[in-house]
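[1] Quick one, structure for this:
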Amino acid sequence: MSENKLTKAYNDFMEYMYEATDDTIHSIADNLEIAKEKISEIGGLSQDEISHIADSVSRDVHHAAHNTADDSNDSLTEWLKFDIELLENFALDSFRNIADKTRVELAKLSQTAEQYSHPYKTGDVTAPGTLHCKKCGKVIAFKSTSIIPECPECGAETFIRS
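    Sure thing, here's the model as predicted:
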């Protein structure tokens, strides 16, 4: 599957989840399912690919919700390790809205961040931000939705978001 196809699907997922957050009766899990159904209706991706993208979106949203303690742009900027102006307004608003709703759900459930500490692996799709190689510590910065490559320094395939 092409990188463009995966990153487009990731961005579409974020858009559909953003739309679903307008209906406050849905949980994040419900919003993911709604987004999966819409992506499936569009076609062009296998169910495995859709599940892979949904897992990537869920991982990034949960990580953002846990690591952005307040609603300020500075908090989200720190998490992304980029200036807010680098992101499109819609993508930023979508991501913040979904992350805020997720943060509320996480607080209600009193779940710890470790439950959402999914590793970032080569081949996964990720939101903009900064990843560190678990083996050598090399920092890789993503300015847009991207496919995670092997570490350019040591070739490792596992990363953490800082």
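
[2] residues touching residue 52, list them.
    124-125 (CB atoms under 8 Å, 6 or more residues apart in numbering). Every residue, glycine included, has its C-beta placed from N, CA and C.

[3] Show me how this structure divides into domains.
    3-116, 120-161 (automatic domain parsing).

[4] Can you flag the weakest of those domains by average pLDDT?
    For the domains of the chain, the bottom mean pLDDT is recorded on domain 3-116, which sits at a mean of 67.

[5] Now do the closest residue to residue 6 other than its chain neighbours against residue 29, distance only.
    Closest residue to residue 6 apart from its sequence neighbours, by CB to CB, 6 or more residues apart in numbering: residue 125 at 5.0 Å. Remark: distance between residue 125 and residue 29 (CB to CB, to the nearest Å) = 19 Å.

[6] Of those two, which one has the most company?
    residue 125 (25 against 10; other CB atoms under 10 Å).

[7] how about the helices in the chain?
    For the chain, the helices defined by DSSP state H cover 3-20, 28-42, 47-67, 73-80, 89-109.

[8] got the angle between the third one and helix 3-20?
    For the pair helix 47-67 and helix 3-20, the angle between their directions (axes from the mean of the first three to the mean of the last three CA atoms, to 10 degrees) equals 60 degrees.

[9] Extract the CA atoms of helix 47-67 and return them as CSV.
    Extracted C-alpha coordinates of helix 47-67, given in CSV (Å, rounded to 0.1, in the frame of the first residue of the first chain):
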residue,chain,number,x,y,z
GLN,A,47,-10.3,-4.2,6.7
ASP,A,48,-6.7,-4.9,8.0
GLU,A,49,-5.5,-1.5,6.7
ILE,A,50,-8.5,0.3,8.2
SER,A,51,-7.9,-1.4,11.6
HIS,A,52,-4.2,-0.5,11.4
ILE,A,53,-5.0,3.2,10.7
ALA,A,54,-7.7,3.1,13.5
ASP,A,55,-5.1,1.8,16.0
SER,A,56,-2.6,4.5,14.9
VAL,A,57,-5.2,7.3,15.4
SER,A,58,-6.3,5.8,18.8
ARG,A,59,-2.7,5.6,20.0
ASP,A,60,-1.9,9.2,19.0
VAL,A,61,-5.2,10.7,20.4
HIS,A,62,-4.7,8.9,23.7
HIS,A,63,-1.1,10.0,23.9
ALA,A,64,-2.1,13.6,23.2
ALA,A,65,-4.9,13.5,25.7
HIS,A,66,-2.7,12.3,28.4
ASN,A,67,0.2,14.6,27.6
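
[10] Cheers, nothing more for now.
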